[in-house]
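sharing a sequence plus its predicted fold:
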Amino acid sequence: MSVRVRIAPSPTGDPHVGTAYIGLINYCFAKKNGGQFILRIEDTDQSRCTEASAQAIYESMRWLGLMYDEGPDVGGGKGPYVQSERVKLGIYRKYADQLLEAGHAYHCFCTARELDAMKARQRAANEPIMYDRRHRGLPLDEARKRVAAGEPYVIRMKVPLEGEHVYKDRLRKQPVVKAWKEIDDQVLLKSDGWPTYHLAAVVDDHLMGITHVIRAEEWLNSLPKHILLNEQLGFPKPEYVHVGLLRNADKSKISKRKNPTNLLWYREQGYLPEALLNFLATLGHSMPDGREKFSLDDLIASFDLDRINVAGPVFDLAKLKHLQGQYFRELPADRVQAEIHRAVDARVAKLLPLMRERMVVGGDFIWQAEPFYAESVSPHVDDLIPKGWTKEQARAVFEDVQRALKTYAANEEATWDAPSLDAFIRGLLAERANPAENAPPAAKELARLWQPKQVFMALRVAVTGKRESPPLFDTLAALGHTRVLERLGAAQQKLR
RNA sequence: GCUCCCAUCGUCUAGUGGCCUAGGACACCGGCCUUUCAUGCCGGCGACACGGGUUCGACUCCCGUUGGGAGUGCCA
């Protein structure tokens, strides 16, 4: 039988680097075995899923070159490949009814409030948190009467009350053993009539002829439910394989707060798909010959599912950058030039309003915009010290402003734009120039320094490295708080 | 809390009982090349979490401890 694998992302938010990671593994496994790689969109949460997000998934998979043989935008013989469309076809309802008839599932009429109360009680008592199955014994005909009467309900699966589930995952040394009594009677069909992930995925994997479900470790806990569902539905079981989750530096599940997780961000930044794919591959898989730089074709040729690591790897941007550099430097001159144009164009539109009135010829943009592109700037020490100030005084003022801006940037309410920064910084100056009666002597001594003209020039020099620049607050806004704070710190270093 | 998974340098990993005084890559440090920087090359720092077994012999197998992670949703 031919291998058929899939990725089944949910179109919420930005296309995720984890999708690419799991996608890469599935893709390689499919290609290695002459099988098919399928993309299915799991949008059964009507409140969170968007079409734009689905489009972004297609786009990023294409960009990476992880082209699927079947999927929403390419078709295929087992479609539709979007679950919301399948809901409309009544596919999941049909299987839910089948489970109901066979006595493998039942109606539950609990309200959200009842369920919350149940959880709260269990939490307080340090008991495992799960549904108490209060409606499990309800006869089917009685439940149907309540449904007919318009009472809201969900359909839950009937999990065995005793015994245990054992599954040997090919990547793990020991079989995974889980007692049934610790597994919840999972909701299969929600009160809006749409399926939950568990029902939809099992049904679709079967209908789409999926032979191997290779997915992230976060699904391992619900594995018994999925296998049970296959059995109750009379489906032949695919092989389930669970790979480790990508991690942040602190080992927690990768998140956008701590890492760039948006695939399109990498494209915007100018990362090459080959580099990103190569990097992702080294995270979980290793070449038998130890090669660490290789093409997708090389990877497929040597790919071995059993060599995938189960321990979740830390996503290390520094290593990606190194690989990216290697790929970039191999690029032919015309591609390099194209990449430069792309990188510049992306920022020109934003900066042009600031630059324009100071420009005489187009080339002026290059040096005028330099502070906005540069990683760091190198101001002249003399320019950092306004007339009549000492080095120490200048440093004290920079430190004070930096601290204030740091607090400001950390404030959720505050916005980092020119008008807000203008108001904030002028307010700070006014405050410092007029210290309270009971202020420390040091503050009173510095009070005379807080003149806008001089402080603004010093700040301008610190953040741009030049005495000429667009208006200070526009400049601060365009630079972003991270760079501004960095440069204020660097200025203080220079003044030591 | 409960359940499950995982455990080699800071990070990604090689290692499937003797080839290991544990190999490579990133990062870091030093040197060479170079007017500078970068690239490139050379070198250095640096790990088998701990404790018990099994065995003639454990990084490799088993058990426990510790640590980390995930799940615990009418989200996926």
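That came through fine.

where exactly do the strands run in the stretch 151-300 of chain A?
Ranges of strands in the stretch 151-300 of chain A, per DSSP state E, counting those that start in this stretch, are A:154-157, A:164-167, A:176-179, A:187-189, A:212-216, A:239-243.

is it possible to get TSV of those that adds mean neighbour count and distance to A:Ala423?
(C-beta placed from N, C-alpha, C; glycine too.) What follows is the strands of the stretch 151-300 of chain A, written out as TSV (neighbours: other CB atoms under 10 Å; distance: least, CB to CB, whole Å):
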stretch	mean neighbour count	distance to A:Ala423
strand A:154-157	22	52
strand A:164-167	15	61
strand A:176-179	14	58
strand A:187-189	23	51
strand A:212-216	21	46
strand A:239-243	20	51
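
quick one: those strands as CSV, columns for mean pLDDT and distance to A:Asp474 too.
Shown next, in CSV, are those (pLDDT from 0 to 100; distance: least, CB to CB, whole Å):
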stretch, mean pLDDT, distance to A:Asp474
strand A:154-157, 96, 54
strand A:164-167, 92, 60
strand A:176-179, 92, 58
strand A:187-189, 96, 53
strand A:212-216, 97, 44
strand A:239-243, 96, 47
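
next, the buried residues of stretch A:487-496.
By neighbour count on 16 or more other CB atoms under 10 Å, the buried set for stretch A:487-496 is A:Arg487, A:Leu488, A:Ala490, A:Ala491, A:Gln492, A:Lys494, A:Leu495.

can you check the pLDDT for the fourth one?
Looking at A:Ala491, its pLDDT reads 89.

list the contacts of it.
A:Ala491 makes contact with A:Pro379, A:Leu384, A:Phe398, A:Val461, A:Ala462 under the criterion CB atoms under 8 Å, 6 or more residues apart in numbering.

from RNA strand B, how far off is the last one?
Looking back up the chat, that one is A:Ala462. Note on A:Ala462: its distance to RNA strand B, by CB to the nearest atom of the strand, to the nearest Å, is 23 Å.

picking that back up, so which of the buried residues of stretch A:487-496 sit within helices?
Among the buried residues of stretch A:487-496, DSSP state H puts A:Arg487, A:Leu488, A:Ala490, A:Ala491, A:Gln492, A:Lys494 in helices.

find the residue closest to the fourth one in space, skipping its chain neighbours.
So that's A:Ala491. Closest residue in space to A:Ala491, ignoring its immediate chain neighbours: A:Ala462 at 3.8 Å, by CB to CB, 6 or more residues apart in numbering.

distance of the closest residue to A:Ser378 other than its chain neighbours from A:Ala343?
In space, A:Ser378 comes closest to A:Gly465 once its chain neighbours are excluded; the distance is 5.5 Å by CB to CB, 6+ apart. Separation of A:Gly465 from A:Ala343 (CB to CB, to the nearest Å): 21 Å.

of those two, which one has the most company?
A:Gly465 (21 against 14; other CB atoms under 10 Å).

hmm, A:Glu375 and the more buried one touching each other?
No: counting by CB atoms under 8 Å, A:Gly465 does not reach A:Glu375; the two are 11.7 Å apart.

after the helix or strand of chain A with the lowest mean pLDDT, which helix or strand is next? Please name it.
Here the helix or strand of chain A ranked lowest by mean pLDDT, DSSP states H and E is helix A:441-446, holding a mean of 81. Scanning forward in sequence from helix A:441-446 by DSSP states H and E, the next helix or strand is helix A:452-464.

do the helix ranked longest in chain A and RNA strand B meet?
For chain A, the longest helix by residue count, based on DSSP H, is helix A:333-355. No: on the criterion CB under 7 Å from any atom of the strand, helix A:333-355 is out of touch with RNA strand B, staying 13.6 Å away.

give me the mean pLDDT for that helix.
Confidence for helix A:333-355, expressed as mean pLDDT, is 87.

export it as CSV, just CAs?
The C-alpha coordinates for helix A:333-355 follow below in CSV (Å, rounded to 0.1, in the frame of the first residue of the first chain):
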residue,chain,number,x,y,z
ALA,A,333,25.3,37.8,-8.2
ASP,A,334,22.0,38.5,-9.8
ARG,A,335,20.1,36.7,-7.0
VAL,A,336,22.1,38.6,-4.4
GLN,A,337,21.2,41.9,-6.1
ALA,A,338,17.6,40.9,-6.2
GLU,A,339,17.7,40.1,-2.4
ILE,A,340,19.2,43.4,-1.7
HIS,A,341,16.6,45.2,-3.6
ARG,A,342,13.9,43.3,-1.8
ALA,A,343,15.4,44.1,1.6
VAL,A,344,15.7,47.8,0.8
ASP,A,345,12.3,48.2,-0.9
ALA,A,346,10.6,46.7,2.2
ARG,A,347,11.8,49.6,4.3
VAL,A,348,12.0,52.5,1.8
ALA,A,349,8.2,53.0,1.8
LYS,A,350,8.1,53.4,5.6
LEU,A,351,11.1,55.7,5.8
LEU,A,352,10.5,57.9,2.8
PRO,A,353,8.1,60.3,4.5
LEU,A,354,10.8,61.1,7.1
MET,A,355,13.6,61.5,4.5
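
centroid residue for chain A?
With distances taken as CA atoms, centre = their mean, the residue of chain A nearest its centroid is A:Thr261 (3.7 Å).

that older thread, what sits up against the least confident helix or strand of chain A?
Identification of contacts with helix A:441-446 by CB under 8 Å, 6+ apart yields A:Gln393, A:Ala396, A:Val397, A:Arg432, A:Pro435.

ok, the last one - contacts?
Remark: with contacts taken as CB under 8 Å, 6+ apart, A:Pro435 is in contact with A:Ala443, A:Lys444, A:Ala447.
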